[in-house]
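Undergrad: Okay, here's the prediction I keep looking at, along with the sequence it came from:
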Amino acid sequence: RKEVEQDPGPFNVPEGATVAFNCTYSNSASQSFFWYRQDCRKEPKLLMSVYSSGNEDGRFTAQLNRASQYISLLIRDSKLSDSATYLCVVTLSGTYKYIFGTGTRLKVLA
Amino acid sequence: DGGITQSPKYLFRKEGQNVTLSCEQNLNHDAMYWYRQDPGQGLRLIYYSQIVNDFQKGDIAEGYSVSREKKESFPLTVTSAQKNPTAFYLCASTPDRNYNSPLHFGNGTRLTVT
């Protein structure tokens, strides 16, 4: 089983739609969680950290479910510019490891 | 503006040649990392360094070498021993060594070896 798993997609959604991705992790010692956005042939850029109580940044909401070992990202009112690959990243307590999922590809259609 | 600079953006080399990728940061970050990204795969850690003059192997260090002589700089050498060097290489840093901070990435170097 992969340490961090994501549905690769693509998720094709119309502009204005709400879309949600999940990311599951296998190690219960996972400590910190992040969502990154990566555009084609570019570097990943931090979208948001994920906090235990959940957090929101504009149209983006992140949730953490430690009992079921997954994090989620909700995007409301999708824009064409949201089209990208979304990477889930998990760190393990007491280690140097940032573990990356392979990403979920989102296409927002006009 | 603070950030991480990787150069060059595109690099082409013949098989059998060593090549060095540059990574410089002016964020005053302690920890620096090198990752490799291949299509359809997550980023994989090559080497990381928590402090000057110290570095550790990541998951796929074979065929690579690094140095950390200055806090700002963490160059990666891809040697001829690396079997499949063609990839997108990403340098990253974090301000501290407790691994709770998000990674900041440079803009990457795309290496093609023929």
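TA: Yep, that arrived. Residues are numbered from 1 along each chain as shown, chains lettered A, B, ... in the order given.

Undergrad: So which bits of chain B are right by chain A?
TA: Within chain B, the positions near chain A by C-beta under 8 Å from any C-beta of the partner chain are B:31, B:33, B:40-45, B:48, B:50, B:56, B:88, B:90, B:99-100, B:102-108, B:110. From N, CA and C alone the C-beta is placed, and that goes for glycine too.

Undergrad: rerun at 6 Å
TA: Residues of chain B lying close to chain A by C-beta under 6 Å from any C-beta of the partner chain are B:Gly42, B:Leu43, B:Tyr48, B:Leu90, B:Tyr99, B:Asn100, B:Pro102, B:Leu103, B:Phe105, B:Asn107, B:Gly108.

Undergrad: For the residue in chain A that chain B sits nearest to, give the beta-bridge partners.
TA: Going by C-beta to the nearest C-beta, chain B is nearest to A:Phe100 of chain A, at 3.7 Å. For A:Phe100, the beta-bridge partners are A:Val89 (DSSP bridges).

Undergrad: That one contacts A:Val90, correct?
TA: No - in this structure, A:Phe100 is not within contact of A:Val90 by C-beta atoms under 6 Å, at 8.3 Å.

Undergrad: picking up where we left off before, only the buried subset of the residues of chain B next to chain A, as a ChimeraX command please.
TA: Buried members of the residues of chain B next to chain A, defined by 16 or more other C-beta atoms under 10 Å in any protein chain shown, are picked up in ChimeraX with:
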select /B:42,43,48,90,99,102,103,105,108
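
Undergrad: re earlier: please give me every residue in contact with the residue of chain A closest to chain B.
TA: By C-beta atoms under 6 Å, 6 or more residues apart in numbering or on different chains, the residues touching A:Phe100 are A:Leu87, A:Val89, B:Gly42, B:Leu43.

Undergrad: which element is the third one on?
TA: Looking back up the chat, that one is B:Gly42. Using DSSP states H and E, B:Gly42 is not contained in any helix or strand.

Undergrad: could you measure it against A:Gly101, distance?
TA: For B:Gly42, the distance to A:Gly101 equals 6 Å [C-beta to C-beta, to the nearest Å].
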